[in-house]
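>>> Below is the structure, and that's it, no one-letter string:
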């Protein structure tokens with residue numbers, strides 16, 4: 001067994017028998033391995049999707065969501081470590097002043 005190359009992921013997929021047979025035949029006719037054929041297919045898929053009109057907007061929205069989630073996790077960790085500049089105060093904020101003002105009037 002060979003060691004996986006750095007920067008490469010292994011992908012296992014399930015294909016219906018008929019599609020697998022066709023895919024195998026096409027790869028053989030092209031003189032390439034199934035792995036190379038899958039790589040070409042994935043590259044074509046990614047290239048096609050990148051050209052869709054709304055792709056950039058969807059990618060930007062996904063990036064913004066990732067950044068929001070990362071900021072929330074960062075804040076939680078900083079809060080646990082006591083290093084967050086925005087961490088809640090340990091003593092309650094002075095709200096009694098506004099209450100006194102409301103009841104005194």
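Okay, I see it. Everything numeric here is computed off the predicted structure, so don't read it as measured data.

>>> residue closest to the middle of the protein?
residue 66 (6.5 Å; C-alpha atoms, centre = their mean).

>>> can you tell me the helix or strand for that one?
According to DSSP states H and E, residue 66 maps onto helix 55-81.

>>> chain center to the helix or strand containing residue 19, what's the gap?
Residue 19 belongs to helix 17-30 when assigned by DSSP H and E. Helix 17-30 sits 32 Å away from the centroid of its parent chain (C-alpha atoms, centre = their mean, to the nearest Å).

>>> ok, residues contacting it?
15, 33-34, 36-37 (C-beta atoms under 8 Å, 6 or more residues apart in numbering). Where C-beta positions appear, they are placed from N, C-alpha and C, glycine not excepted.

>>> and with 6 Å instead?
34, 37 (C-beta atoms under 6 Å, 6 or more residues apart in numbering).

>>> which of the residues in that helix are buried?
Across helix 17-30, burial judged by 16 or more other C-beta atoms under 10 Å covers residue 27.

>>> And the next helix or strand past that helix?
Assignment by DSSP H and E places the next element after helix 17-30 at helix 34-50.

>>> Now do that following helix against helix 17-30, angle only.
100 degrees (axes from the mean of the first three to the mean of the last three C-alpha atoms, to 10 degrees).

>>> Buried ones in helix 34-50, by neighbour count?
In terms of neighbour count (16+ other C-beta under 10 Å), helix 34-50 has its buried residues at residue 37.

>>> picking that back up, run the chain-centre distance for the helix holding residue 66.
With C-alpha atoms, centre = their mean, you get 10 Å for helix 55-81.

>>> for that helix, what is the average pLDDT?
Here helix 55-81 scores 96 as its mean pLDDT.

>>> between it and helix 34-50, how many degrees?
Using the same axes, to 10 degrees: helix 55-81 against helix 34-50 is 100 degrees.

>>> how about helix 55-81: buried residues?
Buried, per 16+ other C-beta under 10 Å, within helix 55-81: nothing.

>>> distance of residue 25 from residue 60?
41 Å (C-beta to C-beta, to the nearest Å).

>>> cool, and residue 32?
Applying C-beta to C-beta to residue 32 and residue 60 gives a distance of 35 Å.

>>> Okay then, goodbye and thanks.
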